[in-house]
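> Need the 3D shape of this:
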Amino acid sequence: MDHTATSLRDRRLDAVRAWTAFVQQGDDAVGVRPEILSSWRRSAQGTGLQVHGAPLADEHDTAAFWQDSPLQAAVSAVEHELRRSAEDGDLVLAVTDTRTRILWTYGGRVMRRKAETVNFVAGGRWDDASVGTNALDLAGRLDRPATVFSAEHFSPIVHNWVCWAAPVHDPATGERLGVIDLSTTWDRAHPIGLATARLMAQMIESALPDTRQHPRLGPPVSDQGLALTLLGAAEARLDGQRLLLNRRQTEILALLALHPEGLSLERLHAMLYGDAGVSVSTLKAEVSHLRSTLGGAISSRPYRLMLPVSVDVDEVLEQVRRGRVLAAVTAYGGDLMPGTNSPALSELAEVVAVAVREALLADPDPDAVLGYSEIAPYDAEVLETCLRRIGADTHRAVPLLRGRLAAARR
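Residues are numbered from 1 along each chain as shown. Just a heads-up that it's a prediction; the model follows:
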């Protein structure tokens, strides 16, 4: 028998045993992921065992909400790619609102029929109170990608399914708009499923309408303005073109960008030089050079940047605040301006590094930990925490995580 098929059968048998133990004995479920066990406990208070299909919301209300939702325009823009993925993999796809009500579905021939029998259709309410543990509910509730395999679902009507779901956010505001889910039968489970759900969520996010159609979504992304990369290799770009600056000029730009309210000459001097014996006239000369480079876009009294600015530090800290660890690590290019003598930037560097590390220790997503270990290869504690959290799970990242840990301990 194929090794993958055998592994899936063993995994399904373990899931069924754990589910049976929980249903019959309560909390005596061994080897169950914490988020699954928590959902089982919630589901046990509802109708998950007896339900034959998800309850349906009003058809007209669902259709009206979908037509007015920015999700509808985004899904329409990438619908060809979504449909092709569903057909090629015989998947059923679903997009939900924030209450886990399905707004749109599309499925391959076989999975579409299976979905219809359990009301995995527009209007179907797939919160765990209505239909028991499932990936759509978990991804929305935890605000991160989720997998639910076979009998990890609380309701027996979907024990033959595997589902991968990822939340969809408005990139401009961070607001969660819903989730996208991919489902198929358990025997077709593949490690790439969760990554595919993430990719589809990103496709939808990138296709969301801009301000001209949905003002609440904020301005469209543009190459205009100043873009600062401070994490890892420092770089400044103006309207997409790289600026040739020395280290001190980049530090001044960084401090001004991080303080959009503006800085007085005295405060900027203190943040940049600390107690070093550098004259105020030296700082004025550096600012004058920068003002010329930016076409006059630095005001005086206080010093303030007078153009749109984006900084990678803000993106990392915002993702940490949202609890999106993988996104934070993806945006984290390394230490903030290593070797800087600026007291303010040195302090910020420590804040960012600690924030990312603590986020990983609290939520050691394997993909995020692997990305982080490329930047901080000697941080054994983060690798150890991730491997402990995975436990006996045969996650695809385990061999690489163990290899990185062995290297970190040398």
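> buried ones in stretch 80-95?
82, 85, 86, 89, 90, 91, 92, 93, 94, 95 (16 or more other Cβ atoms under 10 Å). Heads up, the C-betas are built off the backbone N, CA and C, glycines and all.
> is it possible to export the residues you listed to JSON lines including distance to residue 135, pLDDT and secondary structure?
Converted to JSON lines, the buried residues of stretch 80-95 look like this (distance: Cβ to Cβ, whole Å; pLDDT from 0 to 100; DSSP: H, G, I helix; E, B strand; the rest coil):
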{"residue": "82", "distance to residue 135": "17", "pLDDT": "91", "secondary structure": "helix"}
{"residue": "85", "distance to residue 135": "16", "pLDDT": "86", "secondary structure": "helix"}
{"residue": "86", "distance to residue 135": "16", "pLDDT": "87", "secondary structure": "helix"}
{"residue": "89", "distance to residue 135": "16", "pLDDT": "82", "secondary structure": "helix"}
{"residue": "90", "distance to residue 135": "17", "pLDDT": "84", "secondary structure": "coil"}
{"residue": "91", "distance to residue 135": "13", "pLDDT": "92", "secondary structure": "coil"}
{"residue": "92", "distance to residue 135": "12", "pLDDT": "95", "secondary structure": "strand"}
{"residue": "93", "distance to residue 135": "12", "pLDDT": "96", "secondary structure": "strand"}
{"residue": "94", "distance to residue 135": "10", "pLDDT": "97", "secondary structure": "strand"}
{"residue": "95", "distance to residue 135": "13", "pLDDT": "97", "secondary structure": "strand"}
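> These: which two are farthest apart?
Within the buried residues of stretch 80-95, 90 and 95 form the most distant pair, 18.5 Å apart (Cβ to Cβ).
> picking that back up, export the buried residues of stretch 80-95 to JSON lines and tack on distance to residue 183?
Shown next, in JSON lines, are the buried residues of stretch 80-95 (distance: Cβ to Cβ, whole Å):
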{"residue": "82", "distance to residue 183": "13"}
{"residue": "85", "distance to residue 183": "12"}
{"residue": "86", "distance to residue 183": "10"}
{"residue": "89", "distance to residue 183": "10"}
{"residue": "90", "distance to residue 183": "10"}
{"residue": "91", "distance to residue 183": "6"}
{"residue": "92", "distance to residue 183": "5"}
{"residue": "93", "distance to residue 183": "8"}
{"residue": "94", "distance to residue 183": "7"}
{"residue": "95", "distance to residue 183": "13"}
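> gap between stretch 67-84 and the chain center?
Computed by Cα atoms, centre = their mean, to the nearest Å, the chain-centroid distance of stretch 67-84 equals 20 Å.
> Please enumerate residues in contact with it?
Residues outside stretch 67-84 that contact it (Cβ atoms under 8 Å, 6 or more residues apart in numbering) are 66, 93, 95, 97, 103-104, 106, 168, 170, 177-178, 200, 203-205, 207-209, 213-214, 217.
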